[in-house]
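Engineer: Only the shape, not the letters, is given here:
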């Protein structure tokens, strides 16, 4: 175990900024891929970060500086996964945001890993999702519910489906789409969950192809009685679900949609 | 703005541990005071951390090592505020906890500040509290709801009261006790909120004095129609509420309880 001490009683340390990302989860992030020297969907990632900057009242974020920095980094990389974390730093203690706040941007690059399995075995997580309409939709740093739900997975082909009571919201690391009574529906995310970029892109791609994907209430019963369902995220793209617990689903409907939309991650 | 990059694509960096405290809020903390060279209520702080270690399945926490370290630090200090943060570190990416997990302990010492005001002006926060029965009670690092609620305060004598629908849970940085229909009640914390150490100590002190404090449901209506109410935390001890919005409360009942129990922070 590492024990580190920061002593702000020392006059020289009193103005030392603390990272409120680790103190309170006071920040947000985005995750995506770099391919052939370019950040895929960089404008969407920057736009998502700017939406969070506005919602959480962060000072000092500079999208064009970040754009330049990550583009330069990406230019040397053939394929990788990236994460950009924006957290708030300040010296005064306590929950309250200080006028001296500034922000810290951390870029984490990790090696590209192939997708874990063609189809997903999904199951309902024991861990409920955290519900808060003031935080819902944003990819903020308060993700302990996803950590606990992901830890329920026994293998890389599994995904834990997170619920709030009878309502299904998302996977631990993914958004959910369900084909139910001949139409596509994805959970509304006004109480919990993250509005994923791949989710957004897929809804747009479907709309352009004349396929309506409705945002609405998805119940556990609907997921267990649907014809098909898939998960999305920036790394996996579309990940068809072959099983919900012991119930088998038709993955061909998902593959057909993917072909029809020519949708890549 | 500071932009830092960690490149785990470099073979030398692939095993570099990341602090999941900032990545996901994967950790927990405790806050208290050092007085006259000693950590007040150190056994309770260590016990709280050990409860979180068990609940969140952290590996490698060593309470006796931490006990020795912080006691040595405290011996040189007349008066200060401390925070101990325990977060999980690992090298593999993603929400899932890796077998290579270990934990990091950060001790933050900040100068002692006098209490902000004798009485508190409380108001109902616009920001709702995050609800999750799997996380409720623990002082984990997912505190963005408290950050937003605390930011609604206009001055140091104010405290934002956090609610889930009609149910009152706590203050942004405090627990709540209400004197309603001749008896004391404090909100049950099985859906949201933090089981504070001062809250625990106060309930115990009252019990020993033959005063029953019930854990139960407190509604907004009950708080607005109560005779008295106060807030607690490790720094403030008992903080009587003189106003809930425009409604005045009798603070003498709180001062009388404090005297009767001889309760100090």
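Structural biologist: Structure's in. What do you need? This one's a predicted model, so the numbers in the text were calculated from it and none came from an experiment.
Engineer: neighbours of the closest residue to chain B within the stretch 151-265 of chain A, just the number please.
Structural biologist: Nearest to chain B, among the residues of the stretch 151-265 of chain A, is residue A:151, at 5.2 Å (CB to the nearest CB). Just so you know, the C-beta spots here come from the backbone N, C-alpha and C atoms, and that holds for glycine as well. The local packing of residue A:151 (other CB atoms under 10 Å in any protein chain shown) involves 17 other residues.
Engineer: Contacts only, for it.
Structural biologist: Applying CB atoms under 8 Å, 6 or more residues apart in numbering or on different chains, we find residue A:151 in contact with B:57, B:95-97.
Engineer: Just the buried ones out of those, please.
Structural biologist: Among these, those classed as buried by 16 or more other CB atoms under 10 Å in any protein chain shown are B:95-97.
Engineer: Now the longest helix seen in chain A: average pLDDT?
Structural biologist: What stands out as the longest helix in chain A, according to DSSP state H, is helix A:42-55. Per-region confidence: helix A:42-55 scores 98 on mean pLDDT.
Engineer: buried set for it?
Structural biologist: A:42, A:44-46, A:48-49, A:52-53.
Engineer: residue ranges of the strands in the stretch 1-150 of chain A, please?
Structural biologist: Listed in chain order, the strands of the stretch 1-150 of chain A (DSSP state E, counting those that start in this stretch) span A:2-7, A:18-19, A:27-35, A:38-39, A:79-90, A:102-111, A:120-124.
Engineer: And the third one, what does it pack against?
Structural biologist: This means strand A:27-35. helix A:42-55, strand A:79-90 (3 or more CB pairs under 8 Å, 6 or more residues apart in numbering or on different chains; DSSP states H and E).
Engineer: Compare the ones you listed and give me the one nearest chain B.
Structural biologist: strand A:79-90 (5.5 Å).
Engineer: Neighbouring strands of the closest one in the sheet, and parallel or not?
Structural biologist: Sheet pairing for strand A:79-90, assigned by DSSP bridges, gives strand A:18-19 (antiparallel), strand A:27-35 (antiparallel), strand A:102-111 (antiparallel).
Engineer: Just give me the neighbour total for the residue lying closest to residue A:141 once chain neighbours are set aside.
Structural biologist: In space, and not counting its chain neighbours, residue A:141 is closest to residue A:25: 4.0 Å by CB to CB, 6 or more residues apart in numbering or on different chains. Neighbour count of residue A:25, defined by other CB under 10 Å: 30.
Engineer: Residue A:25 contacts residue B:25, doesn't it?
Structural biologist: Yes: here residue A:25 reaches residue B:25: they are 3.5 Å apart, a contact under CB atoms under 8 Å.
Engineer: and for the two, which residues touch both?
Structural biologist: Shared contacts of residue A:25 and residue B:25 (CB under 8 Å, 6+ apart): A:141-143, B:141-143.
Engineer: what does the stretch 101-250 of chain A have sitting close to chain B?
Structural biologist: Residues of the stretch 101-250 of chain A found near chain B (CB under 8 Å from any CB of the partner chain) are A:102-111, A:126-135, A:140-151, A:153, A:172-173.
Engineer: Give me the subset of the residues you listed that lies in helices.
Structural biologist: Secondary structure from DSSP H places A:144-150 of those in helices.
Engineer: now, which of those sits nearest chain B?
Structural biologist: For those, the closest approach to chain B (CB to the nearest CB) belongs to residue A:150, at 3.7 Å.
Engineer: Next up, the contacts around residue A:132.
Structural biologist: Contacts of residue A:132 by CB under 8 Å, 6+ apart are A:191-192, B:128-131, B:145.
Engineer: could you flag which of those residues are buried?
Structural biologist: Of those, these count as buried by 16+ other CB under 10 Å: A:191-192, B:128-131, B:145.
Engineer: And the average pLDDT for the one helix or strand residue A:255 maps to is what?
Structural biologist: Using DSSP states H and E, residue A:255 maps to helix A:252-261. Helix A:252-261 comes out with an average pLDDT of 96.
Engineer: Ok, stretch A:109-122 next?
Structural biologist: Summarised as a single mean, pLDDT over stretch A:109-122 is 89.
Engineer: ok, residues contacting it?
Structural biologist: A:33-34, A:73, A:77, A:79-83, A:155-161, A:171, A:229-231, A:235-236, A:239-245, A:251, B:5-9, B:14, B:93.
Engineer: what ranges do the helices span in the stretch 151-265 of chain A?
Structural biologist: Using DSSP state H, counting those that start in this stretch, the helices of the stretch 151-265 of chain A run over A:197-208, A:220-224, A:252-261.
Engineer: Only the buried residues of the longest one, if you could.
Structural biologist: Looking back up the chat, that one is helix A:197-208. Residues A:197-203, A:205-206 are the ones in helix A:197-208 that count as buried (16+ other CB under 10 Å).
Engineer: So residue A:189 is in contact with residue A:139, correct?
Structural biologist: No: at 11.1 Å, residue A:189 and residue A:139 do not qualify as touching, with contact defined as CB under 8 Å.
Engineer: And for the residue nearest to residue A:233 when sequence neighbours are not counted, the neighbour number?
Structural biologist: In space, residue A:233 comes closest to residue A:174 once its chain neighbours are excluded; the distance is 4.6 Å by CB to CB, 6+ apart. Counted with other CB under 10 Å, residues neighbouring residue A:174 total 26.
Engineer: Just list the residues touching residue A:91, thanks.
Structural biologist: A:8, A:14-18, A:98, A:100.
Engineer: Please apply the same query to residue A:230.
Structural biologist: A:120, A:176-177, A:238-241, A:254, A:257.
Engineer: how does it look with 7 Å?
Structural biologist: Going by CB atoms under 7 Å, 6 or more residues apart in numbering or on different chains, residue A:230 touches A:177, A:238-241, A:254.
Engineer: Neighbour count added to the residues you listed, as CSV?
Structural biologist: Output for these, formatted as CSV (neighbours: other CB atoms under 10 Å in any protein chain shown):
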residue, neighbour count
A:177, 27
A:238, 19
A:239, 26
A:240, 21
A:241, 28
A:254, 22
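Engineer: Mind checking which of the residues you listed land in strands?
Structural biologist: Those of the contacts of residue A:230 mapping onto strands are A:177, A:238-241, per DSSP state E.
Engineer: any idea which of these is the one closest to residue A:67?
Structural biologist: Comparing the ones in strands among the contacts of residue A:230 against residue A:67 with CB to CB places residue A:238 closest, at 27.5 Å.
Engineer: hang on, the closest one packs against residue A:258?
Structural biologist: Yes: judged on CB atoms under 7 Å, residue A:238 makes contact with residue A:258 at a distance of 5.0 Å.
Engineer: ok, the nearest residue to residue A:248 once chain neighbours are set aside - contacts?
Structural biologist: In this structure, residue A:248 finds its nearest non-sequential neighbour in residue A:242, 6.7 Å apart by CB to CB, 6+ apart. Residue A:242 makes contacts with A:119-121, A:248-249, A:251, as judged by CB under 7 Å, 6+ apart.
Engineer: List only buried entries from those residues.
Structural biologist: If you count burial by 16+ other CB under 10 Å, the buried members of the contacts of residue A:242 come out as A:119-121, A:249, A:251.
Engineer: Of the residues you listed, which pair is most distant in space?
Structural biologist: With distances taken as CB to CB, the most widely separated pair in these is A:121 and A:251, at 11.5 Å.
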